[in-house]
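J.: Next come a sequence and a model predicted from it.
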Amino acid sequence: MPKAHTSYICQQCGYESAKWLGRCPDCGEWNTLVETVVASTTRPSAADGRGAALARGGHAEAIPLPSVQAMGYARVATGSAELDRVLGGGIVPGSLVLLGGDPGIGKSTLMAQVAGHVASQDNREVLYVSAEESAQQVKLRAERLGITAERLLLLPETEIEAVVEIATRLKPALLVVDSIQTVASTQIGSAPGSISQVRDSTLRLMRMAKASGVPVFIIGHVTKEGTVAGPRTLEHIVDAVLYLEGERFHSYRLLRGAKNRFGATHEVGVFEMRGEGMVDVENPSALFLAERSGGATGSAITVSMEGTRPFLVEIQALASTTAFGTPRCTPNGVDASRVLMLMAVLTKRVGLALGNQDVYVNVAGGFTLSEPAVDLGIAAAVASSFREQRIEPETVLLGEIGLGGELRAVTRLETRVREAAKLGFKRCVLPTSGARVETAISSTSGGHMELARAATLAQALEIALER
């Protein structure tokens, strides 16, 4: 029997200490060190690929790069165009994908739909490991989603050794583990969900996927900080990291790609949660603008790039004289410090007296904007509400704002303008500097797009606001 000892392991970064510490010296997080029983020998078992090779006396060989044979592969369609977009075109054989998100956001529903589609299209089985729910619970979800594939196999199991052994023997077309925090190894004394168990289980699945060519999806819950538990020990192991986001009171979900070794990063897929499951949203821009009221002040339309995809979103602002001694700035969907900076520019460079105003900024539809190209839309919405002047309903605003009040060029301007033209917008206010996009407007928009150039924020507001 190997001798066991007690160690304190950080649940965020994996730092190990002989005694308890209030703050982790590595990642700086508080109250994350948990007492864990660790065996003195943690070598891989003979069932693991590397352990078996070492037991036979084998060793790794260094080979020249030109002599490596490039392996061609065909991606497997997931049945969802939005998920295929985020993955880079489909599932890559032998890949390990981490899907994270808040509890109840729709991770299990999305993966059940993918598993059902692959099982109905491929001649091989799909193995769905349900470590959190019983087979009867998964069956109820499958009936609601209309999944009847006979080759979809359920495995209610929490031991990672049994999961790897069965997957190696069956070699399914797809392996789904729901979730990585509930599977555990019998060789580690810590509780399931700890950093040691999550890291060991992920490494075992990674070795199995690379050796057998079986694509693996693992579901992970997020912590209160919004990251998957043990991010520093999981995100560098897996091939792709996907995050499913959405507001609790909205039916729309955003799937973001934070890492992808087989495609572009920061791609976004849009879904709608319905009774029949997660449904692709084919035209997100039209969806986010569906309930827009064109006659209200404080409403501006801008175009945000998420990966290679443009989204038209509505930014709403409300400026009201404060009833308290200190005015408040309450943003939703945009960075608070960015809004405060834009308010300072509006006060200093444009002359708007916002010092006694409570300012509220909201991105309609629960969308989150992070790029500086939406600065002009935010500033114009605040100015529109303060001055009680409406922005032309068919106007789109693009541009980054500097501290001097100047408008700076934005990336992918041609793609943004073309997307606005397709949805019927007639005018676009954009910076004077930057690429020329007069020839980028698609003729299929059905009308003429006026490109109004402005060098400063003040000039842009004169163009955008009605008199």
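T.: Great, that's in hand.

J.: The closest residue to Glu159 other than its chain neighbours and His266: what is the separation?
T.: Residue nearest to Glu159 in three dimensions, not counting chain neighbours: Thr186, with 6.1 Å by CB to CB, 6 or more residues apart in numbering. For every residue, glycine as well, the C-beta is placed using N, CA and C. For Thr186, the distance to His266 (CB to CB, to the nearest Å) stands at 39 Å.

J.: quick check: domain ranges of the chain?
T.: Listed domain ranges for the chain are 4-39, 74-282, 287-464 (source: automatic domain parsing).

J.: Now name the helix or strand holding the spatially most central residue of the chain.
T.: In the chain, the centroid-proximal residue (CA atoms, centre = their mean) is Arg256; its distance is 2.4 Å. Arg256 belongs to strand 252-260 when elements are defined using DSSP states H and E.

J.: And the contacts of the following helix or strand past that strand?
T.: With elements assigned by DSSP H and E, the helix or strand that comes after strand 252-260 is strand 268-274. Strand 268-274 has contacts (CB atoms under 8 Å, 6 or more residues apart in numbering) with 80, 82-83, 85-86, 106, 109-110, 246, 251-257, 278-281, 284, 287, 306-307, 309, 311.

J.: Quick check: what element follows strand 268-274 along the chain?
T.: strand 277-280.

J.: Which neighbouring elements make contact with that next one?
T.: helix 107-121, strand 268-274 (3 or more CB pairs under 8 Å, 6 or more residues apart in numbering; DSSP states H and E).

J.: Could you list the buried residues of the first one?
T.: Read it as helix 107-121. In terms of neighbour count (16 or more other CB atoms under 10 Å), helix 107-121 has its buried residues at 107-119.

J.: next one: the helix or strand following that helix to chain centre, how far?
T.: Following helix 107-121 in sequence order, the next helix or strand is strand 126-130 (DSSP H and E). Centroid separation for strand 126-130 versus its chain: 24 Å, with CA atoms, centre = their mean, to the nearest Å.

J.: What angle do helix 107-121 and strand 126-130 make with each other?
T.: Angle, strand 126-130 to helix 107-121, by axes from the mean of the first three to the mean of the last three CA atoms, to 10 degrees: 160 degrees.

J.: Mind listing the strands strand 126-130 pairs with, and their directions?
T.: The strands beside strand 126-130 in its sheet (DSSP bridges) come out as strand 152-155 (parallel), strand 174-178 (parallel).

J.: neighbouring contacts of the first one?
T.: By that I understand strand 152-155. So strand 152-155 is contacted by 115-116, 119, 125-130, 135, 138-139, 142, 163, 166, 170, 172 (CB under 8 Å, 6+ apart).

J.: For the helix or strand just after it, buried residues please.
T.: For strand 152-155, the succeeding helix or strand toward the C-terminus, using DSSP H and E, is helix 160-170. Buried residues in helix 160-170, defined by neighbour count with 16+ other CB under 10 Å: 160-161, 163-164, 166-167, 170.

J.: From the contact counts, what lies against helix 160-170?
T.: So helix 160-170, by 3+ CB pairs under 8 Å, 6+ apart, packs with strand 126-130, strand 152-155, helix 195-212.

J.: Let's see that with 6 Å instead.
T.: On a contact count with 3 or more CB pairs under 6 Å, 6 or more residues apart in numbering; DSSP states H and E, helix 160-170 meets helix 195-212.

J.: now the angle from the helix it packs on to helix 160-170?
T.: Interaxial angle, helix 195-212 versus helix 160-170 (the same axes, to 10 degrees): 10 degrees.

J.: other SSEs contacting helix 195-212?
T.: Partner elements for helix 195-212 (3+ CB pairs under 6 Å, 6+ apart): helix 160-170.

J.: hang on, the earlier thing: and the residue nearest to the centre of the chain, what does it touch?
T.: Contact analysis of Arg256 by CB atoms under 6 Å, 6 or more residues apart in numbering lists 243, 268.

J.: could you measure it against Arg169, distance?
T.: For Arg256, the distance to Arg169 - CB to CB - is 35 Å.

J.: now what about stretch 164-183, what contacts it?
T.: 108, 111, 115, 118, 122, 124-132, 158, 160, 192-193, 198, 201, 204, 208, 212, 214-221.

J.: Can you give the distance from that stretch to the centre of its chain?
T.: 24 Å.

J.: sec struct for the spatially closest residue to Ala381 that is not a sequence neighbour, please.
T.: Once flanking residues are discounted, Ala381 sits nearest to Ala317: 3.7 Å by CB to CB, 6+ apart. Assigned with DSSP: H, G, I helix; E, B strand; the rest coil, Ala317 falls in the strand class.

J.: Now do the contacts for Ala317.
T.: Contacts for Ala317 (CB under 6 Å, 6+ apart) come out as 298, 361, 381-382, 385.

J.: again, only this time at 8 Å
T.: Neighbour list for Ala317: 298-300, 359-362, 378, 381-382, 384-385 [criterion: CB under 8 Å, 6+ apart].

J.: Out of those, which is nearest to Leu352?
T.: Val382 (8.0 Å; CB to CB).

J.: what's the helix or strand for the closest one?
T.: Going by DSSP H and E, Val382 is part of helix 375-387.

J.: For the chain, just list every one of the helices.
T.: Ranges of helices in the chain, per DSSP state H, are 49-55, 81-87, 107-121, 135-145, 160-170, 195-212, 231-234, 284-288, 336-345, 375-387, 413-422, 457-464.
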